[in-house]
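Peer 1: Okay, sequence plus prediction incoming.
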Amino acid sequence: MALGMALGVCIIVPVLLLIRVAYVLYRSGKPVGAKSPKSYSTLVVLGSGGHTAEMINLLLVLEKHRFTPRYYIAAATDNMSLQKARSLENSWADKGGDKIAKIAAEYMQIYRSREVGQSYITSVWTTLVALAHALWLMLRIRPQVILCNGPGTCIPLCMIAFLLKVLGIGWSSIFYVESIARVRRLSLSGLILYKLRVADKFFVQWPQLQRKYPRADYVGCLM
């Protein structure tokens, strides 16, 4: 009898998990409803190279009062991106004369899953560390919105956010905007999120990319 119960649990649990995953995928990207909050706590993932510049351009066209408080995250070795985010927030506060706005944003760093040139064998350990760090950050922040555009640091954060949705611990709407530099093929980060259907909304800036990846939304050039 005990063996039968154990087998029943082994069957029921995966089935319930699959049902929950199907529900999360069905709900992803749909309107939150009429009782949606006036503002959404927002996690902004920054990255080296042109990723941060593109993300700042995106933030400039958002309704700041709708996406607050804002949490900026960059890789542990990327100090420049957080400096740019601080400058942006300070410029908004100075322009609006709002001293409180200067402390409304938080700035954090996360371990990289893999450094440039790092071997794939050693990256297994660093990836596990990055996932654990991402889990701690996500449980602490509990963002309602995640904005990302391609840096590798977004992968563990988005994967943890999706897992928390499946487990019913929190619900983060993930918006991914592929870099304008990606004209014909998605970046590795974009390809992972697209294939696994992790992002609630997936945007591309070139029409040929949308034709190649039909589940993506074409929004034109945002630069």
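Peer 2: Structure received.
Peer 1: in this structure, which ranges drop under the pLDDT threshold?
Peer 2: Flagging of the chain using pLDDT under 70 yields the residue ranges 1-9, 13, 30-36, 96-103, 114-120, 122, 223.
Peer 1: all helices for it, in order.
Peer 2: Counting by DSSP state H, the chain has helices at residues 2-27, 51-60, 79-96, 120-141, 154-167, 188-196, 207-212.
Peer 1: okay if I get those helices as TSV plus mean neighbour count and distance to F175?
Peer 2: Every residue, glycine included, has its C-beta placed from N, CA and C. Putting the helices of the chain into TSV (neighbours: other C-beta atoms under 10 Å; distance: least, C-beta to C-beta, whole Å) gives the following:
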stretch	mean neighbour count	distance to F175
helix 2-27	11	15
helix 51-60	19	9
helix 79-96	15	17
helix 120-141	15	16
helix 154-167	21	10
helix 188-196	17	11
helix 207-212	14	16
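Peer 1: Now tabulate those helices in TSV and tack on distance to V219.
Peer 2: Listed next are the helices of the chain as TSV, based on distance: least, C-beta to C-beta, whole Å:
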stretch	distance to V219
helix 2-27	22
helix 51-60	10
helix 79-96	21
helix 120-141	26
helix 154-167	18
helix 188-196	14
helix 207-212	9
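Peer 1: So which of the ones you listed is nearest Y72?
Peer 2: Among the helices of the chain, the nearest to Y72 by C-beta to C-beta is helix 79-96 (4.3 Å).
Peer 1: So what angle separates the directions of that closest one and helix 51-60?
Peer 2: Helix 79-96 runs at 20 degrees relative to helix 51-60, counting by axes from the mean of the first three to the mean of the last three C-alpha atoms, to 10 degrees.
Peer 1: counting contacts, what elements does helix 79-96 pack onto?
Peer 2: In terms of contacts (3 or more C-beta pairs under 8 Å, 6 or more residues apart in numbering; DSSP states H and E), helix 79-96 is packed against helix 51-60, strand 70-75, strand 105-110.
Peer 1: Out of those, flag the one nearest P207.
Peer 2: Shortest separation from P207 across the helices and strands packed on helix 79-96 is recorded for helix 51-60, at 18.2 Å, computed as C-beta to C-beta.
Peer 1: what sits up against that closest one?
Peer 2: Contact with helix 51-60 is made by 44-47, 74, 80-81, 84-85, 88, 147, 149-151, 177, 179-180, 222-223, as judged by C-beta atoms under 8 Å, 6 or more residues apart in numbering.
Peer 1: cutoff 7 Å now
Peer 2: Defining contact as C-beta atoms under 7 Å, 6 or more residues apart in numbering, one finds that helix 51-60 is touched by 44, 46, 81, 84, 88, 147, 149-151, 177, 179-180, 222-223.
Peer 1: Kindly report the same for stretch 195-210.
Peer 2: 25, 28-29, 158-159, 162, 173-178, 180, 182-184, 193-194, 213, 215-222.
Peer 1: returning to what we had before: which one of the helices and strands packed on helix 79-96 lies closest to P143?
Peer 2: It's strand 70-75; of the helices and strands packed on helix 79-96, that one is closest to P143 (C-beta to C-beta) at 6.4 Å.
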